[in-house]
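**Q** the following comprises the amino acid sequence and a computationally predicted model.
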Amino acid sequence: MTTLIDGRKAALRIREQVAEKVARAAHVHGRVPGLATILVGDDPASAVYVAAKRRAIREAGMSDMHHTLPEHASHKDVAAVIDQLADDPDVCGILLQLPLPKGLDAAALIDHIPVSKDVDGLTTASAGLLARGVDGLRPCTPAGVLCLLDAEDIELRGAHAVVVGHSELVGRPMVRMFLQRDATVTVAHKHTVDLPAVTRQADILVVAAGVRGLIGREHVKPGAVVVDVGIHRTANGLRGDVRSGELHGHARLLTPVPGGVGPMTIAMLLANTLQAFEQERLCR
C-alpha cells in the first residue's frame with residue numbers, strides 16, 4: 001500500500017500554532033509580526049500566489065503590508081521599496097515575489113533584503129548561514145519538506161536521500177538540510193547520466209526538477225518515500241514532476257499534487273515571519 005502524505009493537514013497544524021503565538025504576542029507585547037509582500041508587474045500566476053500568501057498572513061493575525069509595482073519598474077524603484085521596508089520597525093519579513101519581469105536582476109534585489117527579514121531564506125547571507133549550519137531563516141519549501149518527513153516519522157540519519165534538481169530555491173538548500181540531518185545525499189540534474197539508476201538508490205526521493213511527469217515507476221525503488229515538489233497547471237488540473245499514478249502500490253509514501261508540499265510552503269513562510277519577529281524582539 002502507498003500512503004499519501006497529507007500536506008494540508010500538516011500545514012494547518014503549523015498555521016494554527018503560529019496564529020496562537022501571534023495572538024499571544026499581541027496580548028503581551030501589543031505588537032504582531034508584519035509581513036510585506038512585493039509584486040512587480042501583472043503576471044497572473046504571481047498575483048494568485050501573492051493573494052494566497054496575503055490571505056494566510058491575515059488569517060494568522062499578522063499585519064499584511066503589500067506593495068505593487070508596475071511592469072516597467074526599474075531596479076532602483078524596487079530597491080527603494082525594499083529599503084523602505086527594511087527601515088520599517090513594523091515589518092518583520094520581506095518577500096519579493098518571483099519571477100520578476102525581464103530586465104530586473106532578481107538575485108541582486110533579493111540580496112537587498114536584510115538577512116534578518118529574509119523570510120524566503122534566499123539571500124546570499126541566508127544561504128551562507130545554512131551552509132555553515134548556523135541558525136537562520138531557511139527557504140520555505142525545503143523546510144516544509146523536512147516538516148512533512150518528520151511528521152511521518154521518517155528517519156533521516158543514515159538514509160540515502162536523492163534530490164532531483166539543484167535550484168537555489170529548493171534543490172541546493174534541500175541538500176544542505178539533509179546533510180545537517182546526517183542523511184547520505186545524492187544530487188541529480190538535467191545533465192545526470194542514467195537518471196533512473198541514480199534515483200532508484202533513494203530511500204527518500206525529492207523531485208524538484210520543474211519538469212512535468214519526469215519521474216515514474218522506473219525511477220523509484222520499491223518502498224521508497226517520494227516527495228514531489230513540482231507543480232504544473234494543465235487542462236486537467238495541477239500535476240507534479242512525478243507520474244504519481246504509476247507509484248501507487250510501489251512507493252511507501254508519496255506527496256500528492258495538489259495537497260502535498262504546496263500548502264507547507266505558505267505555512268513555513270508564516271513560521272519564518274514569526275521567527276523573525278521573535279528574534280527582532282530579543283535583539284531590541
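**A** Thanks, I have it. Because the structure is a prediction, the values reported are computed rather than measured.

**Q** which strand or helix spans the nearest residue to residue 140 once chain neighbours are set aside?
**A** In space, and not counting its chain neighbours, residue 140 is closest to residue 268: 4.0 Å by CB to CB, 6 or more residues apart in numbering. All C-beta atoms are positioned from the backbone trio N, CA, C, and that covers glycine. Applying DSSP states H and E as the criterion places residue 268 in helix 261-283.

**Q** elements contacting that helix?
**A** helix 7-29, strand 34-40, helix 44-59, strand 93-96, helix 140-151 (3 or more CB pairs under 8 Å, 6 or more residues apart in numbering; DSSP states H and E).

**Q** gap between the first one and the chain center?
**A** Right, the one you point to is helix 7-29. How far helix 7-29 lies from its chain's middle: 18 Å, per CA atoms, centre = their mean, to the nearest Å.

**Q** for it, buried residues please.
**A** Neighbour-count burial for helix 7-29 flags 7, 10-11, 14-15, 18-19, 21-22, 25 (criterion: 16 or more other CB atoms under 10 Å).

**Q** quick one: buried residues of the helix holding residue 268?
**A** For helix 261-283, by 16+ other CB under 10 Å, it's 261-277, 280.

**Q** ditto for stretch 214-229
**A** 214-215, 219-220, 224-229.

**Q** kindly export the helix holding residue 268 (C-alpha atoms) in PDB.
**A** Provided in PDB are the C-alpha atoms of helix 261-283 (Å, rounded to 0.1, in the frame of the first residue of the first chain):
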ATOM      1  CA  VAL A 261       4.300  20.200  -0.500                       C
ATOM      2  CA  GLY A 262       2.400  23.300  -1.700                       C
ATOM      3  CA  PRO A 263       0.500  24.000   1.500                       C
ATOM      4  CA  MET A 264       3.700  23.600   3.500                       C
ATOM      5  CA  THR A 265       5.400  26.400   1.700                       C
ATOM      6  CA  ILE A 266       3.000  29.100   2.900                       C
ATOM      7  CA  ALA A 267       2.900  27.500   6.400                       C
ATOM      8  CA  MET A 268       6.700  27.800   6.600                       C
ATOM      9  CA  LEU A 269       6.600  31.400   5.400                       C
ATOM     10  CA  LEU A 270       4.400  32.200   8.300                       C
ATOM     11  CA  ALA A 271       6.600  30.300  10.700                       C
ATOM     12  CA  ASN A 272       9.700  32.200   9.300                       C
ATOM     13  CA  THR A 273       7.900  35.500   9.800                       C
ATOM     14  CA  LEU A 274       7.100  34.700  13.400                       C
ATOM     15  CA  GLN A 275      10.700  33.600  13.900                       C
ATOM     16  CA  ALA A 276      12.000  36.900  12.500                       C
ATOM     17  CA  PHE A 277       9.600  38.800  14.800                       C
ATOM     18  CA  GLU A 278      10.700  36.900  17.900                       C
ATOM     19  CA  GLN A 279      14.400  37.400  17.000                       C
ATOM     20  CA  GLU A 280      13.900  41.100  16.400                       C
ATOM     21  CA  ARG A 281      12.200  41.500  19.700                       C
ATOM     22  CA  LEU A 282      15.000  39.700  21.500                       C
ATOM     23  CA  CYS A 283      17.600  42.000  19.900                       C
END
